[in-house]
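J.: Sequence below, structure please.
(chains A and B)
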There are 2 protein chains.
Amino acid sequence: MKARKDTRQRLIDSACYLFYTRSYANVGVKEICDKAGVQKGSFYHFFPSKEKLTLAVLEEHFADFKDKIITKSFDPKLPPMQRIKRLMENAYLFQVKVKEETGQTLGCPYGNISAEMSTQNEVIQKVTDSFFAKIEVGFEEILKEAVQNGDIEPIDTKKTAIAMLSYIEGMMLLARNRNNPEIIKQLSPAILEIRIKPDADFNT
Amino acid sequence: MKARKDTRQRLIDSACYLFYTRSYANVGVKEICDKAGVQKGSFYHFFPSKEKLTLAVLEEHFADFKDKIITKSFDPKLPPMQRIKRLMENAYLFQVKVKEETGQTLGCPYGNISAEMSTQNEVIQKVTDSFFAKIEVGFEEILKEAVQNGDIEPIDTKKTAIAMLSYIEGMMLLARNRNNPEIIKQLSPAILEIRIKPDADFNT
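T.: Residues are numbered from 1 along each chain as shown, chains lettered A, B, ... in the order given. Purely as a prediction, here's the structure:
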């Protein structure tokens, strides 16, 4: 017999789904409670505000992302650039699964909420930024290893990491707009070639 | 003496600013009217709904984008890839100016509203998609010319165009999140190297 999920977790699951399929502002506490089968009064027992619930939602997405994408991809036994390739394959498969489950390609939950909320809510802005920073650090470590191994020429590993993240966020946004995960598959190969050279200056 | 802007245009300007600095859902008709100095009753004389106003807002952003970025960059006398370089320079300068004027780096108004609304409002989804498609066609024509001239090797020009657009949308999203237009300047050089090869298959 399956244990019944606790109330707090049901609220998080409900909000994860509703925010991800729609947007932050479009989903109210009442609807989150209704979907979770929880009385609105109990909500405030677990979360003092919608904002605080959102932080738990973003943590949940990160745990999911780590579990289904990062851990499967960033295998230290793989050559460094192969890990990034694996990441894109798993990100694609994840979006395919999301579409199977919801009918929609939903893209990156951090990118979505960042685009909507970053100028309006500093707490959400900081949490999305720290997610982006984690991904960047992950890419940067991989790129440093690839440079050390001689797999790629010396580059600005920090800026290249930000460039790779940008490319992913952009393809996620387009895949969401067009409800088409195949965009991720089609565009993925170019991520492996993105390089920002040391002291790159666009005006020379 | 400056002619006083007509009421319709003041409503559009007000909504352009409010949506762009915050989000679609966070801004109501009343606030748009207040900022424009227009009675709420008159609003519905010009626009039957907030959605219809939004279409006018997106047209206004496109006119601005064409005027301040596209026309200045896509000069047929320039070598094709130089036009894309120029586009990035002008996109950066535009974001610097937006920050000077508003205190914020606001990114791409189409990307922002797409991330927020594409799963919720089909009309807005279609308009943002047709904007993305226009940019793609612009890039594709440039890339075809570059291939014909022998400036770059044969590539899948359509997919490469989508890849370039994705890269821009992602960097705009990060620049907005971090309120930092310098991200655009730092990441721009790599756009010129993005290539999706014909029949690229990530699984080989």
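J.: and the worst-scoring helix or strand of chain A on mean pLDDT, which residues are buried?
T.: Lowest by mean pLDDT, DSSP states H and E among the helices and strands of chain A is helix A:40-46, with a mean of 94. For helix A:40-46, the neighbour count (16 or more other C-beta atoms under 10 Å in any protein chain shown) marks A:43, A:46 as buried. Every residue, glycine included, has its C-beta placed from N, CA and C.
J.: by contact count, what packs against the very next helix or strand once past that helix?
T.: Beyond helix A:40-46 on the C-terminal side, the first helix or strand identified by DSSP states H and E is helix A:50-65. On a contact count with 3 or more C-beta pairs under 8 Å, 6 or more residues apart in numbering or on different chains; DSSP states H and E, helix A:50-65 meets helix A:7-21, helix A:29-36, helix A:109-117, helix A:122-148.
J.: Identify whichever of the ones you listed lies nearest to chain B.
T.: Chain B lies closest to helix A:109-117 among the helices and strands packed on helix A:50-65, at 3.5 Å (C-beta to the nearest C-beta).
J.: same for that closest one, what does it pack against?
T.: Going by 3+ C-beta pairs under 8 Å, 6+ apart, helix A:109-117 lies up against helix A:7-21, helix A:50-65, helix A:122-148, helix A:157-177, helix B:109-117, helix B:157-177.
J.: Output those helices as JSON lines; include the columns mean neighbour count and distance to residue A:105.
T.: Putting those into JSON lines (neighbours: other C-beta atoms under 10 Å in any protein chain shown; distance: least, C-beta to C-beta, whole Å) gives the following:
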{"stretch": "helix A:7-21", "mean neighbour count": "20", "distance to residue A:105": "11"}
{"stretch": "helix A:50-65", "mean neighbour count": "17", "distance to residue A:105": "16"}
{"stretch": "helix A:122-148", "mean neighbour count": "18", "distance to residue A:105": "20"}
{"stretch": "helix A:157-177", "mean neighbour count": "26", "distance to residue A:105": "5"}
{"stretch": "helix B:109-117", "mean neighbour count": "26", "distance to residue A:105": "13"}
{"stretch": "helix B:157-177", "mean neighbour count": "26", "distance to residue A:105": "14"}
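J.: ok so, going back, please list the residues outside the least confident helix or strand of chain A that contact it.
T.: Taking contacts as C-beta atoms under 8 Å, 6 or more residues apart in numbering or on different chains, the residues outside helix A:40-46 that touch it are A:7, A:8, A:11, A:29, A:30, A:32, A:33, A:53.
J.: CA atoms of that helix as PDB?
T.: As requested, the backbone C-alpha atoms of helix A:40-46 are provided in PDB (Å, rounded to 0.1, in the frame of the first residue of the first chain):
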ATOM      1  CA  LYS A  40      -6.900  26.800   2.500                       C
ATOM      2  CA  GLY A  41      -6.500  27.200   6.300                       C
ATOM      3  CA  SER A  42      -3.900  24.400   6.400                       C
ATOM      4  CA  PHE A  43      -1.900  26.100   3.600                       C
ATOM      5  CA  TYR A  44      -0.700  28.800   6.000                       C
ATOM      6  CA  HIS A  45       0.200  26.300   8.500                       C
ATOM      7  CA  PHE A  46       2.900  25.000   6.100                       C
END
